[in-house]
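In: A predicted structure for the sequence below; I have some questions about it.
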Amino acid sequence: MNKKPASLLILFGATGDLANRKLYPSLYRLYKKGKIAEQFAVVGVARRELTDEQYQNNIKKSILSEINHVNECDLNPFVSHFKYHSHDVSDAASYAELKQLAEQMDETYDLGGNRLFYLAMAPEFFGTITQFLKSEGLTDTTGYKRVVIEKPFGRDYKSAEKLNAMIRTAFEEEEIYRIDHYLGKEMVQNIEVIRFSNAIFEPLWNNRYISNIQITSSETLGVEERGRYYDKSGALRDMVQNHMLQMVALLAMEPPISLTTEEIRSEKVRVLRALRKYSETEIPENFVRGQYDWDEKNLLAPYREEPMVQPDSNTETYVAGKIMIDNFRWAGVPFYIRTGKRMATKSTKIVVQFKDIPMNLYYQPKETLNPNLLVIHIQPDEGVTLHLNVKKSGQKEETKPIHLHFSNRNINGMNTPEAYERLIYDSMRGDATNFTHWEEVALSWKYVDRISQVWENTREQDFPNYFSGTMGPKKADELLEHDNHIWWPIEQFEIE
Ligand SMILES: NC(=O)C1=CN([C@@H]2O[C@H](COP(=O)(O)OP(=O)(O)OC[C@H]3O[C@@H](n4cnc5c(N)ncnc54)[C@H](OP(=O)(O)O)[C@@H]3O)[C@@H](O)[C@H]2O)C=CC1
Ligand SMILES: O=C1O[C@H](COP(=O)(O)O)[C@@H](O)[C@H](O)[C@H]1O
């Protein structure tokens with residue numbers, strides 16, 4: 001794989017929030033690290049009228065506001081690779097000019113006809129753009145052609161299938177890079193490494209030794225300005241269909257026979273195929289929904305009072321669920337997931353709880369022996385903690401819990417690459433491992449659709465049912481209590 005790939009990136013949605021906050025800063029970091037060099041160029045596309053100079057100034061602003069210690073003048077050589085094309089993507093006529101510009105940039109920067117179309121726009125445009133790219137000849141190129149698609153990829157299986165069929169008229173499956181930005185996170189990528197490169201974990205990684213696995217992705221923010229999208233989506237579609245199920249798949253998959261894209265994806269697909277399909281009556285017993293209310297001091301508005309949200313909205317801003325994987329390795333082991341907005345802490349953590357030892361020689365009536373936990377800290381802190389029991393100093397045979405920590409930040413002394421930085425680079429190099437294959441998307445939607453159909457047909461009478469600033473509704477605790485488990489207090493599990 002080429003380490004310094006020559007590419008023309010045609011960015012649809014060049015004036016949008018994602019481009020400004022994530023994509024330009026990530027491209028700049030790649031440039032600074034020398035991962036993209038002289039043979040790269042970007043054509044930004046959006047409707048508003050901008051000169052190239054105005055566009056380049058906007059890019060500078062976005063980089064200066066996202067990255068510290070950057071000198072504005074140092075950005076000039078970088079932004080000189082960017083051109084702007086004002087264009088309404090629904091208008092076929094505009095594509096001819098875009099094609100000309102692409103050819104010109106290709107020649108100027110010697111890009112070998114390699115084209116990466118990045119669709120950072122509202123999903124209703126994804127199908128239209130890809131079809132015009134083909135009909136207007138932009139995909140007829142001498143180099144590679146790839147399309148990077150932002151989320152959401154549909155709002156259920158049916159719409160995702162329709163969208164996929166439209167995209168497939170212009171691109172082959174291996175040319176489609178569906179973004180799930182969690183797959184670009186350092187510690188999500190570390191799940192496989194922790195599992196498959198440590199002899200002490202892999203033999204224990206099954207239903208004989210693991211009691212349950214808990215995945216929490218909690219946010220403190222509410223829906224902010226995204227009420228229009230979010231109220232039609234909800235936490236199940238927004239977070240569970242993609243990020244949470246991807247983490248489940250990485251935790252549960254069999255070791256792939258090699259680390260190729262195809263082998264890893266096919267193992268993830270096997271996990272998604274084994275997810276237990278709950279019946280209509282089992283869904284309320286295994287999945288809990290929540291919607292945020294005021295915070296206890298009444299300072300933050302409840303979900304139903306957020307802009308562009310229906311005042312009687314039945315949309316969930318929180319989901320907790322018990323996922324069962326019906327295969328030989330995982331039979332009987334619950335994978336508990338929870339995710340929500342306006343929770344007590346911004347944190348993504350995985351807690352692997354090992355089973356208790358068969359006979360506890362150190363049992364003291366007043367103390368419990370804590371189970372061994374392996375905590376994978378995805379964000380904001382990045383690392384791994386192993387919870388063990390050791391002897392308390394002194395004469396008596398008493399135990400105390402201790403934590404062995406590994407912190408990524410402390411070792412590197414710097415932030416690990418932003419997820420988008422890796423994913424853009426991977427898409428330029430043609431490495432699709434950390435993007436989702438259609439089969440994964442399809443199976444995840446089919447799983448989630450069964451739950452959303454039940455929720456859409458039955459209004460939740462309790463909404464709103466959790467205060468902002470808490471870890472979610474009481475029913476989510478009851479879900480685990482029913483199995484004699486508790487949610488581990490991840491808000492206290494920081495790496496010291
Ligand atoms: N923002 C984020 O943090 C995240 C966003 N995403 C996804 O990324 C995508 C983009 O999101 P975001 O950047 O927030 O959206 P914005 O609404 O901020 O940006 C939309 C962009 O599309 C352009 N646009 C709109 N209509 C047209 C049109 N008809 N023709 C050409 N350009 C058009 C807009 O520019 P103009 O008005 O000038 O035409 C603007 O550049 C979405 O799919 C979203 O779900 C995913 C994860 C996080
Ligand atoms: O995809 C999404 O993810 C973000 C959370 O991402 P994170 O990297 O900050 O954990 C979420 O806020 C957003 O609603 C969702 O669309």
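Out: Everything's here; your move. Ligands and ions are numbered 1, 2, ... in the order given.

In: residue contacts, the residue nearest the centre of the chain?
Out: Closest residue to the average C-alpha location of the chain: residue 182 at 2.7 Å, with C-alpha atoms, centre = their mean. Contacts for residue 182 (C-beta atoms under 8 Å, 6 or more residues apart in numbering) come out as 188, 242-243, 246-247, 378, 419. Placement of C-beta: from N, CA and C, glycine included.

In: surely it is in a helix?
Out: Yes. Assessed with DSSP: H, G, I helix; E, B strand; the rest coil, residue 182 lies in a helix.

In: so who does the spatially closest residue to it that is not a sequence neighbour touch?
Out: Nearest non-adjacent residue to residue 182, counting by C-beta to C-beta, 6 or more residues apart in numbering: residue 243, 4.1 Å away. Shown in contact with residue 243 (C-beta under 8 Å, 6+ apart): 180-182, 217, 339.

In: switch the cut-off to 10 Å
Out: Applying C-beta atoms under 10 Å, 6 or more residues apart in numbering, one finds that residue 243 lies in contact with 151, 180-183, 185, 188, 215, 217, 337, 339, 348, 378.

In: tell me how many other residues crowd residue 136.
Out: The number of residues packed near residue 136 is 17, by other C-beta atoms under 10 Å.

In: isn't it up against residue 128?
Out: No. If you go by C-beta atoms under 10 Å, residue 136 and residue 128 don't touch, sitting 11.7 Å apart.

In: joint contacts of those two?
Out: residue 92.

In: that older thread, what pLDDT does the model give the residue nearest to the centre of the chain?
Out: pLDDT, residue 182: 96.

In: show me which of the contacts of residue 243 neighbour ligand 1.
Out: With the criterion set as C-beta under 6 Å from any ligand atom, the members of the contacts of residue 243 near ligand 1 are residue 151.

In: which one of the contacts of residue 243 is nearest to ligand 1?
Out: residue 151 (5.1 Å; C-beta to the nearest ligand atom).

In: the closest one touches residue 183, doesn't it?
Out: No. Residue 151 is beyond contact range of residue 183, at 11.5 Å (criterion: C-beta under 10 Å).

In: of these two, which one has the most company?
Out: Taking neighbours as other C-beta under 10 Å, residue 151 and residue 183 compare with residue 183 leading, 22 against 17.

In: how about that one, what does it touch?
Out: Residue 183 touches 189, 242-243, 246-247, 250, 419, 422-423, 426, 433-436, counting by C-beta under 10 Å, 6+ apart.

In: quick one: furthest residue from the center of the chain?
Out: Most peripheral residue of the chain (C-alpha atoms, centre = their mean): residue 395, 49.6 Å.

In: so what's residue 178 up against?
Out: 147-151, 153, 160, 164, 167, 242, 432, 435-438, 440-441.

In: which of the helices and strands in this protein ranks last by mean pLDDT?
Out: helix 408-412 (a mean of 58; mean pLDDT, DSSP states H and E).

In: check contacts around the residue in the stretch 151-300 of the chain positioned nearest to ligand 2.
Out: Relative to ligand 2, the nearest point of the stretch 151-300 of the chain is residue 238 (4.7 Å; C-beta to the nearest ligand atom). The contact partners of residue 238, by C-beta under 10 Å, 6+ apart, come to 151-152, 223, 226, 229-230, 315-317, 319, 339, 341.
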